[in-house]
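Enquirer: Let's see this in three dimensions:
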Amino acid sequence: MHILDQLPPTSRRVELQTRPALNEAILEQTDQTLMRLQAAPAREIEAHLQRLDREWDVERALQTNAPVLCLVGLALGAAVDRRFLLLPAAVFAFFGQHALQGWCPPIPVFRRMGLRTLREIERERYAIKALRGDFDGVPATASATPAERVRAALAAVDA
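Expert: Residues are numbered from 1 along each chain as shown. Below you'll find the model as predicted:
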């Protein structure tokens, strides 16, 4: 058995390392948002989709947090005490652990703060688009060529 087969799938690694109750709370919040938006005016739906475009996912927060902590550790190591150089080493070790397993010390904190994974954000986005009818224009298999169906599907996703 290959070691990579033991690692969680990239798209779900953070969720698999998050407490189930917290994952459920995040899903419930999404469900409530969808219930509110399913009958909302078009401008409110569009405004929410724009907010989703700007929402930081947990990966982006981690990718911003890691270099800041590394720079602080390097600066303190150079100016105060060389032992502070252990901070960047620890950050990189945890960053590697996150890449492989989906967990590192800031992740539980970020998740409790409500930061979602990209998969969770996109789940909400495409549910809104489906409720709005963006995918209704994708022709049935029998009524269009494969190329027409693909173009229509991509147009609906890009809308």
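
Enquirer: Break the protein into its domains for me.
Expert: Using automatic domain parsing, the domain ranges for the chain come out as 1-55+116-133, 57-115.

Enquirer: highest average neighbour count across those domains?
Expert: Of all the domains of the chain, domain 57-115 has the most neighbours on average by mean count of other C-beta atoms under 10 Å, namely a mean of 15. Every residue, glycine included, has its C-beta placed from N, CA and C.

Enquirer: Show the low-confidence segments of this structure, by residue range.
Expert: Residue ranges of the chain with pLDDT under 70: 1.

Enquirer: Strands along that one, start to end?
Expert: Taking DSSP state E, the chain contains no strands at all.

Enquirer: the longest helix in it is where?
Expert: Under DSSP state H, the helix in the chain containing the largest number of residues is helix 58-79.

Enquirer: what sits up against it?
Expert: For helix 58-79, contacts defined as C-beta atoms under 8 Å, 6 or more residues apart in numbering pick out 14, 83-88, 91-92, 95, 98, 104, 106-107, 110-111, 115-118.

Enquirer: Using PDB, write out every CA atom in it.
Expert: These are the backbone C-alpha positions of helix 58-79, laid out as PDB (Å, rounded to 0.1, in the frame of the first residue of the first chain):
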ATOM      1  CA  VAL A  58      -9.400  28.500   6.000                       C
ATOM      2  CA  GLU A  59      -6.500  27.800   3.500                       C
ATOM      3  CA  ARG A  60      -6.000  31.500   2.700                       C
ATOM      4  CA  ALA A  61      -6.100  32.400   6.400                       C
ATOM      5  CA  LEU A  62      -3.500  29.800   7.100                       C
ATOM      6  CA  GLN A  63      -1.300  30.900   4.100                       C
ATOM      7  CA  THR A  64      -1.400  34.400   5.500                       C
ATOM      8  CA  ASN A  65      -0.800  33.500   9.100                       C
ATOM      9  CA  ALA A  66       2.200  31.200   8.400                       C
ATOM     10  CA  PRO A  67       4.500  33.800   6.800                       C
ATOM     11  CA  VAL A  68       3.600  36.500   9.400                       C
ATOM     12  CA  LEU A  69       4.600  34.200  12.200                       C
ATOM     13  CA  CYS A  70       7.800  33.200  10.400                       C
ATOM     14  CA  LEU A  71       8.800  36.800   9.800                       C
ATOM     15  CA  VAL A  72       8.100  37.600  13.500                       C
ATOM     16  CA  GLY A  73      10.200  34.600  14.600                       C
ATOM     17  CA  LEU A  74      13.000  35.700  12.300                       C
ATOM     18  CA  ALA A  75      12.900  39.300  13.500                       C
ATOM     19  CA  LEU A  76      12.900  38.200  17.100                       C
ATOM     20  CA  GLY A  77      15.600  35.700  16.500                       C
ATOM     21  CA  ALA A  78      17.800  38.300  14.900                       C
ATOM     22  CA  ALA A  79      17.000  41.100  17.400                       C
END
